[in-house]
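Q: Here is a sequence together with a model predicted from it:
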Amino acid sequence: MAIRIEKTFEVQQPVALVWSFLSDPRKVVTCVPGARITEQVDERNYKGSISVKVGPSVTDYNGEVQIVRSDPQNYEIEMLGKGLDIRGRGSASMKMSGKLKALDEGRTEVTSVSELNVVGILAQMGARVITEVSNIMFGEFTKNLEKRLAAPPDPPDKATEAASKALNAGSLAWEAAKGIFRRES
Amino acid sequence: MIEKTSPEVGGMGHSIKRKEDSRFIQGKGNYVDDVRLPGMVYGHMVRSPYAHARLKSINTEKAKQLPGVLAIITGEDLARAGLAWMPTLFFDKQMVLATGKVLFQSQEVAFVVAEDQYTAADAAELVEVEYEELPVLVDPHKATAPDAPILREDRDQKSNHIFHWEVGDKSATEKAFQSAPVKASVHAVSPRCHPAPLETCGCVADFNKATEKLTVYLTSQAPHAHRTLFALVGGIPEQNIRVVSPDIGGGFGNKVPIYPGYVCAVVASLTLGVPVKWIETRSENLQSTGFARDYHMTAEIAADQSGKVKALRVKTLADHGAFNAAAQPTKFPAGLFSVCTGSYDFPSAFVEVDGVYTNKAPGGIAYRCSFRITEAVYLIERSMDVLASQLKIDPAELRRRNFIQPQQFPYKTPLGWTYDSGQYEGALNKALDMIGYQQLRKEQEERRKKGELMGIGISSFTEAVGAGPAHTFDIAGIKMFDSAEIRIHPTGKAICRMGTKSQGQGHETTYAQIVAQELGIPASDVVVEEGDTDTAPYGLGTYASRSTPTSGAATAVAARKIRDKAKKIAAHLLECSEADLEWQTGKFFVKGSPSKAKTIQEIAFAAYTNIPAGLEAGLEAVDYYDPPNLTFPFGTYICVLDIDKGTGEVKVRRFVAVDDCGNVINPMIVEGQIHGGLTEGFAIAFMQLIDYDESGNVQGGSFMDYLIPTAVETPHWETGSTCTPSPHHPFGAKGVGESPNVGSPAAFVNAVVDALSHLGVEHIDMPITPWKVWNVLKEKGVVN
Amino acid sequence: MAKKQTVRVKVNGVQREMEVEPRLLLVHFIREKLGLTGTHVGCDTSNCGACTVVLDGKNVKSCTMFAVQADGSDLLTVEGLMKDGKLHPLQEGFKQEHGLQCGFCTPGMLMSTYALLQRNAQPTEQDIRWGISGNLCRCTGYQNIVKAVQYAAGKLAQGGPR
């Protein structure tokens, strides 16, 4: 199931700082709850994992992140993430392209287009749940990004630890459900 | 016409209340999941999340260590016993548990057995399976493309093409098309749907090591056939297998195949020596068991200017999923699809069907129909409407001009079927009358002027049931006769057993009514049993509306054999010759002296106490009935609906169903069947779809997405009937259970298209959701 | 495995007490622990209503509750509808009006319509259809079920047992 997510948001930081953060998977992952980079294979390839808890069941994905294209001049980046459920219950892959634009007064506009493909049990719930969950994860991501960029830099270990608490999609699912009903009422 | 008995006797034509109801209304039904045996343990299936992948490894260590887990069976384990694959009902084989690769999402990969259901489910979560994803094929149109992934590496022929089947006169049909002034065509899809009976499939397999007897409580529509297949495939001596189909919570064809879960439960029980229960969840049911339809059809009609049809040409692509597990007679890879000339007098016709494999659940089964009849009837009824629309002839009138006439019966169709009897215009006229057709067309004209969308759709179907004669029909080699055994007790009560198996059709009542009609024994004195292969005579089961045409006939014939013997006993008791005797429901009397009579009860008593010389004691008979032909019920359905221009929602305003199934046993039960079948047809037309995305993920794998109509949206059904008996059936009956599911989808779709035809709409495929309609309205610029 | 909890429920008028896992669903408690198999399981997403029982006067889907949530409650299942060997008018109605075919949805239907008639003794056809909108049936098309409920409402109005 292929889901396309387009997001544009503003960060209250200068574009160079935002670029240095978003072009480094090890830094990006600190903003994604439940995710960690476990190994850097080479300049462009990393190994990692993400743990997603939906209600009482946990899905752990092990996989790779690859920087497909990086253009610091134009502040454009393309990343590809692929993961397999460690218990063999499915897989997911995401292609993300991001573009930064400097706005005035030290503000940056971030535009990202992601294509998410899910195979397995999670995909059976249909696009409606996955889209909502993705939206909420994105919201968490941008909040964490602002915090990280504003705060003094943490030592690397502490940074990865802080974000690696499994994403609790029990509450995510509830938020997603509420989101659906709010729109439909 | 059948001469009715008194209501107390309750023979044919009486709407007596159902005998089986007592236990159901008290919650005392005995369904497979209600079976509890000492020492019983539970099975749970581990299933593939991928539609197409190599199976690299299965690690059961963690799962085995969970307290309460007794065994975990994998494909490798089964392969050692030669059971990893099993034959399907149609010349193919199917994996019981995956070895090497998986071919559809939710395919069975491992079977966990534990002391209770929760532990079994916990353990299934702990089984670790490693897969390597392979490219997925979900579009049947791409199955034979040169770059299509080959799914079935086990077959000699490395191709996704399963079969090509042709019937009819190709050259005569071509000629007709070349010279015809009018040609109409439609591409119509019968989408993949699922019977979804409210009770899912399951079994309790109980192997007794001491007696070496295997008893399987099974959700089975055909217990004897299943027993024989278990014997042949499992190598267990058939006399040591007993299959019991207790109460079944709906079948609709879903409970005809043998599923991997059954085989695994049997293997587990043989290994562990204790009863093993396996009941699938609803999601498993929707995602892995017998689906229905998935026919992609193109029909062309050649006609003259007055709409008289000359030829029919059909090309169909059939999606069978990963294994061809179609449940249909062996000579018919596309089932009875060739009845697609319908109620109309086509001089020539030619049909081609190609079956292909895809990464979807295997099948298909005949969902409340004789094999592929729904697809055939839908196609011809849609096509006739397309022709009518093209020629601007009223659809009722076009049908009238083309109906096979009563004097043409028995009628041989250009595709090889011999229809037994029919009076199509009678049913059409009755339906038109009941709905007030002329008035409705006037109303439609008025509403159209105001921009309102109102549609009227007609379906005048003929279909074929009662499979079937031994010369043409067999399933896995077993001929499709059916049976009835009747035994009368000394006190004149009776017990009967049949080879069919009710899943809600009311056989405990209707078969008793046949006996009541033939012998005059009150239906309330007749016990009917089905489903226990140790006691019931061999039969092919209940599906495709075959019970009344086959076992019903057998019941009548067996009863008449009993009557013949009863006559001898009566002659002995009345001290006269048989030639002097006359029969009147329930008694023999001496011609001219009606007071000199013996009731069937008195005769029964005598059969045990005062037996004539030369005769055996007892009063019983068994009959295995080989029907000389199928029977061909028919009818006309008319649907009136209105479409909301703002939402695309379709509201069925009225639906009239006139059915002709010949002589009726219990009108109340027939009416109930019609209500139920129409509701299923309604669901298929408007809201049901088992779909797959490009990765092979099932969309429609639970009741959240696979919609079953509730009482709120289900329309009110108006029923009527005509009666054209079958000339070859012992009491002129035809079978009717499936007719509403067969005939109604076309009525609904024809009505929607009719509502939009003035906007240039020629066809819309099912399911006709509000979203689909709204998009059409938007395209035509008429959204509110 | 979580520690077992005690559940005390009055079932069809009889006080029952049992130790159960907290995650045990009420429908499994009824079917497996109490041995009352009239209540059925028809789906796994709370859609079908075959598991409907009446808990403290309300019809609930017992597959969507834990047994421990029913602690201290009054539970009525289909087995408790008959009084002194006499069928409840609803049960009579289902038989008289041919409101069942395979019987699998019937217990759930009976319990939902029992609760409906408690709330609304004179329901219209629409009231009835909405009242059973949480109960799926594949066999009857609902039309005769509506008639069965109307039959029962009529009988109760004449003073039948409630």
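A: Cool, got the structure.

Q: residues contacting residue 117?
A: Picked chain A for this. Going by CB atoms under 8 Å, 6 or more residues apart in numbering or on different chains, A:N117 touches A:M1, A:A2, A:I3, A:A92, A:S93, A:M94, B:S695. Where you see a C-beta, it was placed from the backbone N, CA and C, and this is true even at glycine.

Q: hmm, I had chain C in mind actually
A: C:L117 makes contact with C:L90, C:P123, C:V149, C:A152, C:A153, C:L156, C:R162, according to CB under 8 Å, 6+ apart.

Q: re earlier: can you put the contacts of A:N117 in TSV and add secondary structure, distance to chain C and pLDDT?
A: Converted to TSV, the contacts of A:N117 look like this (DSSP: H, G, I helix; E, B strand; the rest coil; distance: CB to the nearest CB, whole Å; pLDDT from 0 to 100):
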residue	secondary structure	distance to chain C	pLDDT
A:M1	coil	19	68
A:A2	strand	24	78
A:I3	strand	22	81
A:A92	strand	23	87
A:S93	strand	27	89
A:M94	strand	28	88
B:S695	coil	22	93
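
Q: that older thread, near chain B, list only the ones from the contacts of C:L117.
A: Near chain B, judged by CB under 8 Å from any CB of the partner chain, there are no entries from those.

Q: Identify, from these, the entry nearest to B:I562.
A: For those, the closest approach to B:I562 (CB to CB) belongs to C:L90, at 40.0 Å.

Q: The closest one: helix or strand, and which one exactly?
A: C:L90 is located in helix C:89-96, with elements delineated by DSSP states H and E.

Q: For that helix, name the packing helices and strands.
A: helix B:21-25, helix C:106-119, helix C:143-157 (3 or more CB pairs under 8 Å, 6 or more residues apart in numbering or on different chains; DSSP states H and E).

Q: Sketch out the low-pLDDT regions of chain A for me.
A: For chain A, the stretches with pLDDT under 70 are A:1, A:53-57, A:125-128, A:152-185.

Q: Where do the helices of it begin and end?
A: Using DSSP state H, the helices of chain A run over A:15-22, A:25-28, A:127-150, A:156-163, A:169-184.

Q: What parts of chain A come near chain C?
A: Counting by CB under 8 Å from any CB, chain A comes close to chain C at no residue.

Q: now the contacts of C:L117 as CSV including pLDDT?
A: Shown next, in CSV, are these (pLDDT from 0 to 100):
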residue, pLDDT
C:L90, 98
C:P123, 98
C:V149, 98
C:A152, 98
C:A153, 98
C:L156, 95
C:R162, 56
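
Q: Any idea how many residues pack against residue 124?
A: I'll assume chain A. 24 (other CB atoms under 10 Å in any protein chain shown).

Q: actually it's chain B I care about, not the one you picked
A: Counted with other CB under 10 Å, B:A124 comes out at 22.

Q: what residues does chain A put near chain B?
A: Residues of chain A lying close to chain B by CB under 8 Å from any CB are A:1-2, A:57, A:85-91, A:117-121, A:123-124, A:126.

Q: now, which of the contacts of C:L117 sits nearest B:D354?
A: Taking the contacts of C:L117 together and measuring to B:D354 by CB to CB, the closest member is C:V149, at 49.4 Å.

Q: Between the helices and strands packed on helix C:89-96, which one is closest to B:G75.
A: Nearest to B:G75 among these is helix C:106-119 (37.7 Å), distances taken as CB to CB.

Q: other SSEs contacting the helix or strand just after that closest one?
A: As assigned by DSSP H and E, the chain's next helix or strand after helix C:106-119 is helix C:125-131. Applying 3+ CB pairs under 8 Å, 6+ apart, one finds that helix C:125-131 makes contact with helix C:106-119, helix C:143-157.

Q: what residues does helix C:125-131 touch?
A: Contacts of helix C:125-131 (CB under 8 Å, 6+ apart): B:710-712, C:112-113, C:115-116, C:120, C:123, C:142, C:145-146, C:149-150.

Q: what about it, average pLDDT?
A: With pLDDT averaged residue by residue, helix C:125-131 scores 98.

Q: and that helix, how far out from the chain's middle?
A: Distance, stretch centre to chain centre, for helix C:125-131: 17 Å (CA atoms, centre = their mean, to the nearest Å).

Q: Done for today, thanks.
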